[in-house]
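Participant: this one's structure only:
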């Protein structure tokens with residue numbers, strides 16, 4: 001099949017780009033003719049090495065002039081490579097892709113990676129609209145997305161070709177064990193302050209642990225200051241944007257994601273595959289990723305006390321910690337990019353004739 005992926009960039013540290021790069025590279029390896037259209041970025045060498053055709057189209061900032069230019073360029077690309085499906089992963093791509101789809105008759109698939117953004121309603125333009133969890137599908141239906149066009153493909157980033165490339169970023173820190181890790185952007189939606197407060201309470205009872213915060217964002221300096229004010233008994237390390245967070249997860253005992261909204265966290269799936277005991281807030285797709293609590297501990301969002309209780313349960317008992325590490329790994333083979341590609345192929349097959 002001839003598949004065209006359309007999005008703003010292919011940069012490291014952006015979940016929607018990670019999904020698109022994973023799909024493109026594995027689809028190419030499976031014998032499909034794959035084109036990746038964006039403004040470029042960190043993963044261009046990997047895409048090229050994987051046999052993916054790279055085309056450059058600037059989609060941002062999206063205004064009438066850039067939209068017209070992008071539509072024109074994408075039309076020319078489509079006439080040359082003749083894709084059978086256009087797959088848009090971001091809002092600007094959905095708008096441009098929709099225009100080209102209507103002009104050419106090429107069906108459009110959209111994936112709603114960031115439903116918490118108000119303008120994600122644009123993604124309903126797809127002939128098929130992919131939600132990244134069943135919870136997200138239900139939420140999108142409530143927002144008026146057409147149920148007949150909605151499909152679900154649960155994220156699964158493991159065994160990704162991206163592991164073959166070391167993108168720009170900080171090296172993995174030298175890990176001090178035992179340790180707890182989170183991997184996320186440093187902004188309010190991720191609930192990092194709740195994690196800091198929970199860690200401060202738990203480490204007061206179980207000192208000697210280190211908390212690694214992997215990621216960056218606008219709240220970095222404020223969170224650093226708050227960590228100092230809390231004075232947890234364990235150390236807190238702000239590791240920044242690590243080039244390969246998988247290396248950190250492989251050395252971690254516990255992974256925590258304290259989000260207030262998360263359609264389907266790649267980091268939770270990666271932490272399970274790495275064998276971390278997982279604690280996550282019961283929002284979005286996290287309960288599905290954790291088997292409704294079978295493969296990880298679920299807590300309410302905005303409750304540092306529940307995070308503290310879950311942490312202390314694992315930190316105080318090596319036996320309990322091992323039980324939950326084993327439960328995380330069990331059945332985690334489902335969370336691989338090979339399965340995700342199979343699921344997307346079924347979506348494509350519905351609309352490609």
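Facilitator: Looks like it arrived, so ask away. These figures come from a predicted structure and were not determined experimentally.
Participant: now the stretch 101-250 of the chain, which segments are flagged as low pLDDT?
Facilitator: For the stretch 101-250 of the chain, the stretches with pLDDT under 70 are 167-168.
Participant: Which secondary structure elements does the biggest helix by length in the chain sit against?
Facilitator: Longest helix in the chain by number of residues (criterion: DSSP state H): helix 64-81. In this structure, helix 64-81 makes packing contacts with strand 2-6, strand 33-38, strand 53-56, helix 91-104, judged by 3 or more C-beta pairs under 8 Å, 6 or more residues apart in numbering; DSSP states H and E. From N, CA and C alone the C-beta is placed, and that goes for glycine too.
Participant: what inclination does that helix have with respect to strand 2-6?
Facilitator: Interaxial angle of helix 64-81 relative to strand 2-6 (axes from the mean of the first three to the mean of the last three C-alpha atoms, to 10 degrees): 160 degrees.
Participant: Check which residues of helix 64-81 are buried.
Facilitator: For helix 64-81, burial by neighbour count (16 or more other C-beta atoms under 10 Å) applies to 66-67, 70-71, 73-74, 77-78, 81.
Participant: so who does the residue of the chain most remote from its centre touch?
Facilitator: Relative to the centre of the chain, the most outlying C-alpha is that of residue 205, 33.1 Å out, by C-alpha atoms, centre = their mean. The contact partners of residue 205, by C-beta atoms under 8 Å, 6 or more residues apart in numbering, come to 312, 315-316.
Participant: if we go to 7 Å?
Facilitator: Residue 205 makes contacts with residue 312, as judged by C-beta atoms under 7 Å, 6 or more residues apart in numbering.
Participant: Angles on the backbone of it, please.
Facilitator: phi -90, psi -30 (degrees, to the nearest 10).
Participant: and residue 70, what does it touch?
Facilitator: Per C-beta under 7 Å, 6+ apart, neighbours of residue 70: 57-59, 96.
Participant: Ok, residue 324 next?
Facilitator: 277, 297, 314.
Participant: my guess is it is in a strand, correct?
Facilitator: No - applying DSSP: H, G, I helix; E, B strand; the rest coil, one finds residue 324 to be helix, outside a strand.
Participant: Report the contact partners of the nearest residue to residue 266 once chain neighbours are set aside.
Facilitator: Of all residues not flanking residue 266 in the chain, residue 157 sits nearest, at 4.5 Å (C-beta to C-beta, 6 or more residues apart in numbering). Applying C-beta under 7 Å, 6+ apart to residue 157 gives the contacts 18, 22, 266, 269-270, 337.
Participant: of all the contacts of residue 324, which comes closest to residue 328?
Facilitator: Of all the contacts of residue 324, residue 277 has the smallest distance to residue 328: 6.1 Å, by C-beta to C-beta.
Participant: Might one say that that closest one is in contact with residue 320?
Facilitator: No - assessed by C-beta atoms under 7 Å, residue 277 is found out of contact with residue 320, at 8.3 Å.
Participant: any common contacting residues for these two?
Facilitator: Joint contacts of residue 277 and residue 320 (C-beta under 7 Å, 6+ apart) are residue 314.
Participant: Looking at those two, which is more packed in?
Facilitator: Shown here are residue 277 and residue 320; by other C-beta atoms under 10 Å, residue 277 has more neighbours (29 against 13).
Participant: Now the more buried one, what are its backbone angles?
Facilitator: phi -70, psi 130.
Participant: what do you get for residue 108?
Facilitator: Dihedral angles (degrees, to the nearest 10) for residue 108: phi -120, psi 130.
Participant: And for it, nearest residue in space, chain neighbours not counted?
Facilitator: Per C-beta to C-beta, 6+ apart, closest to residue 108 is residue 101, 4.0 Å.
Participant: Now do that neighbour: how many residues are near it, please.
Facilitator: For residue 101, the neighbour count with other C-beta under 10 Å is 22.
Participant: got the contact list for it?
Facilitator: Residue 101 touches 86, 107-108, counting by C-beta under 7 Å, 6+ apart.
Participant: Now do the helices in the stretch 51-200 of the chain.
Facilitator: For the stretch 51-200 of the chain, applying DSSP state H, counting those that start in this stretch gives helices covering 64-81, 91-104, 134-142, 192-205.
Participant: among these, which is nearest residue 116?
Facilitator: When the helices of the stretch 51-200 of the chain are compared by C-beta to C-beta, helix 134-142 sits nearest residue 116, at 9.6 Å.
Participant: Output the contacting helices and strands for the closest one.
Facilitator: Contact analysis of helix 134-142 by 3 or more C-beta pairs under 7 Å, 6 or more residues apart in numbering; DSSP states H and E lists strand 150-152 as its packing neighbours.
Participant: ok, back up a step: mind putting the contacts of residue 157 in CSV, secondary structure included?
Facilitator: Shown next, in CSV, are the contacts of residue 157 (three-state DSSP):
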residue, secondary structure
18, helix
22, helix
266, helix
269, helix
270, helix
337, helix
